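Q: what's the 3D shape of this:
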Amino acid sequence: MAVTIEIDHARARAKAVAAAGQPVVPQSVRGPIRRIKWVVVLLTLSIYYVTPFLRWDRGPGAPDQAVLLDFANGRLYAFFIEIWPQDLYLVTGLLVLSSAILILTNALAGRLWCGFACPQTVWTDLFLLVERVIEGDRRLRLKNIGAPITVKRAAQIAMKHALWLMISLATGGTLIFYFTDAPGLLRGLAHGELSANALTWIAVFTGTTYGLAGFAREQVCTFMCPWPRLQGAIWDPEAFIVNYRDYRGEQRISAKKAAELRLHGKPAGDCVDCGQCVAVCPIGIDIRKGPNFACTNCGLCVDACDSVMSKLGRTRGLIDYETWRNIERGRRNERRTSRLIRPKTVGLAAGCMVLAAVITVSFITKTSATLSVQHDRDPLAVRLSEGAVRNAYTVKILNKSPAPHAYRLSVSGLEAAMAIIGNEHQDPIEVQAEGSETIRVTLTMTKPEEADVVFTARDETGQVALTAKDRFVER
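A: Residues are numbered from 1 along each chain as shown. Here you go, the predicted structure:
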């Protein structure tokens with residue numbers, strides 16, 4: 001049976017909210033899932049704010065910041081990892097691996113990342129916490145919308161936005177710390193000695209955090225983020241996502257009337273239509289209407305519903321993390337099954353492990369130096385008066401190590417005389433630490449022929465041999 005993720009009621013909700021001029025105001029909720037979310041919020045924020053201040057000794061002359069995106073010098077540092085522009089294939093591999101893990105997570109538990117660890121979710125939770133502490137819970141905040149502004153209300157609004165701006169400033173400032181020396185930038189910020197460039201980016205990131213977490217909120221998760229749009233293509237009916245067991249909850253009826261019907265042996269649904277699942281939803285959707293592309297799988301409605309069921313003395317799980325297939329099985333009174341391990345998840349997990357292995361091997365085997373050769377294009381070859389043919393090449397040696405090295409250049413694959421233009425006696429070629437040296441080389445063959453030529457550069461130890469392949473042409 002094909003299932004289409006319902007988006008109409010999300011759109012209808014958005015239109016209704018826009019028409020009423022009211023934002024989505026989620027109610028606070030207590031429960032195990034909410035506690036897990038608070039732990040994730042604390043953990044992720046701690047990592048974000050603390051990481052730029054961690055130190056890592058890389059030797060003299062090298063930055064000691066553990067994680068540093070040094071774009072000015074073309075370096076990415078992450079503890080013992082150092083990425084140069086020539087190593088960006090590793091970053092590409094990590095991005096592909098992250099995407100594969102995200103798809104695997106989606107196949108297992110839907111938008112779990114969105115509901116728990118996405119930066120938009122984390123900072124929105126933090127902003128909502130500030131809002132609740134200052135202005136009260138949902139009922140009071142809804143009451144204040146459109147009400148006349150009093151002195152107390154004005155003070156609350158001012159305090160809330162002041163705290164939001166402080167959090168946004170800390171967020172924007174910390175993000176800049178990842179691109180330069182964090183303690184030095186912090187001292188400059190404290191003494192008002194920051195550059196206009198740094199101040200501009202701090203202002204941009206501060207404004208972005210303030211706008212997205214303070215005002216856009218559910219619009220980001222529903223309309224701005226591309227991930228919900230992919231749900232129609234990768235939604236998996238075997239994934240454990242937040243679902244409503246309609247076969248148990250319908251028909252909705254008050255607790256008192258349900259007790260009367262059951263007393264007479266008649267069926268009655270467990271859902272009392274209290275609306276708590278909608279009230280706590282940060283997106284403002286009603287999960288009882290079916291799978292929704294806007295649902296972030298945060299599970300707060302599960303906590304809210306379980307709380308109501310507990311008070312009524314009914315079994316928890318009316319709204320729960322459940323697969324759509326099991327919802328269909330429940331409608332047919334069939335036994336529920338769990339298929340976390342299935343061809344799709346096994347294939348995705350295997351793909352993730354292969355990608356991780358390839359990236360690991362590539363990182364372990366990457367060298368601290370590279371050799372590149374470019375054949376002159378105009379002309380490709382020059383015929384000398386005595387009949388010999390000369391080809392010219394640009395050879396570049398990049399030394400990524402923190403110490404200078406000397407390299408001896410040689411060629412193989414053909415019998416040709418090699419000469420370094422500009423300094424025929426430059427042997428070996430000196431390359432500074434974390435530097436490069438570009439030289440012009442000519443190869444001359446008395447008996448010219450089309451052949452591959454291999455350039456080899458060996459350092460003074462003889463253990464590091466860099467090779468690059470090109471072509472010798474006759475004409």
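Q: from now on I want contacts and neighbour counts done on CA atoms only, so please keep to that.
A: Noted.
Q: tell me, what residue is most central in this structure?
A: Nearest to the geometric centre of the chain sits residue 98, at 7.3 Å (CA atoms, centre = their mean).
Q: just confirm that residue is within a helix.
A: Yes: counting by DSSP: H, G, I helix; E, B strand; the rest coil, one finds residue 98 located in a helix.
Q: which one is residue 268 nearest to, not counting chain neighbours?
A: In this structure, residue 268 finds its nearest non-sequential neighbour in residue 258, 5.3 Å apart by CA to CA, 6 or more residues apart in numbering.
Q: what segments of the stretch 1-150 of the chain are helices?
A: Secondary structure of the stretch 1-150 of the chain (DSSP state H, counting those that start in this stretch): helices at 8-20, 32-50, 88-109, 112-116, 119-135, 138-144.
Q: buried residues, the last one. List them.
A: Of the residues in helix 138-144, those with enough neighbours to count as buried (16 or more other CA atoms under 10 Å) are 138, 142.
Q: that one: what's the following helix or strand?
A: Next along the chain after helix 138-144, taking DSSP states H and E as the criterion, comes helix 151-177.
Q: sort out which residues of whichever helix or strand comes after that following helix are buried, please.
A: Toward the C-terminal end, the helix or strand that comes next after helix 151-177 (DSSP H and E) is helix 182-190. For helix 182-190, the buried set under the neighbour-count rule, 16+ other CA under 10 Å, comprises 182, 185-186.
Q: nearest to residue 353, of those residues?
A: Checking the buried residues of helix 182-190 against residue 353 with CA to CA, the nearest one is residue 182 at 34.5 Å.
Q: surely that closest one touches residue 52?
A: Yes: contact criterion CA atoms under 8 Å: residue 182 and residue 52 qualify, at 6.0 Å.
Q: find the residues that touch each one of the two.
A: residue 65 (CA atoms under 8 Å, 6 or more residues apart in numbering).
Q: need the contact list for residue 331.
A: Applying CA under 8 Å, 6+ apart to residue 331 gives the contacts residue 247.
Q: could you redo the last one with a cut-off of 10 Å?
A: Each residue near residue 331 by CA atoms under 10 Å, 6 or more residues apart in numbering is listed here: 245-248, 325.
Q: kindly report the same for residue 464.
A: With contacts defined as CA under 10 Å, 6+ apart, residue 464 is in contact with 367-369, 407, 457-458.
Q: one more: residue 102?
A: Residue 102 touches 96, 108, 110-113, counting by CA under 10 Å, 6+ apart.
Q: the same query, at a cut-off of 8 Å, please.
A: Here residue 102 is in contact with residue 113 (CA under 8 Å, 6+ apart).
Q: cool, and residue 320?
A: 241-245, 299, 302.
Q: residue 252 contacts residue 272, correct?
A: Yes: at 5.5 Å, residue 252 counts as touching residue 272 under the criterion of CA under 8 Å.
Q: and stretch 179-196, how far from the chain's centre?
A: 26 Å (CA atoms, centre = their mean, to the nearest Å).
Q: equivalent analysis for stretch 432-442, please.
A: The chain centroid and the centroid of stretch 432-442 are separated by 37 Å under CA atoms, centre = their mean.
Q: which residues are contacting it?
A: 390-405, 417-422, 429-431.
Q: residue 120 is in contact with residue 217, correct?
A: Yes: counting by CA under 8 Å, residue 217 does reach residue 120; the two are 7.4 Å apart.
Q: you'd agree residue 262 is in a helix?
A: Yes: Residue 262: assigned to a helix according to three-state DSSP.
Q: quick check: residue 100 touching residue 350?
A: No: under the criterion of CA under 8 Å, residue 100 makes no contact with residue 350, lying 10.3 Å away.
Q: pick out whichever of those two has more residues nearby.
A: Neighbour totals were compared for residue 100 and residue 350, and residue 100 leads with 17 against 12 (other CA atoms under 10 Å).
Q: if we ignore the residues flanking it in sequence, what's nearest that one?
A: Spatially, and ignoring its direct neighbours in sequence, residue 100 is nearest to residue 352 (6.2 Å; CA to CA, 6+ apart).
Q: for that neighbour, phi and psi?
A: Dihedral angles phi and psi of residue 352 (degrees, to the nearest 10) take the values phi -60, psi -40.
Q: what pLDDT does residue 53 get?
A: pLDDT for residue 53: 93.
Q: I'd say it and residue 179 touch.
A: No: using CA under 8 Å, residue 53 makes no contact with residue 179, being 11.9 Å away.
Q: hang on, residue 279 packs against residue 137?
A: No: the pair residue 279 and residue 137 fails to qualify as a contact (CA under 8 Å) at a distance of 11.1 Å.
Q: okay, those two: which has more neighbours?
A: Neighbour totals were compared for residue 279 and residue 137, and residue 279 leads with 23 against 17 (other CA under 10 Å).
Q: got the contact list for that one?
A: With CA under 8 Å, 6+ apart, residue 279 has these contacts: 25-27.
Q: confidence-wise, which helix or strand of the protein is lowest on average?
A: Every helix and strand in the chain was compared by mean pLDDT, DSSP states H and E; the lowest is helix 8-20, with a mean of 49.
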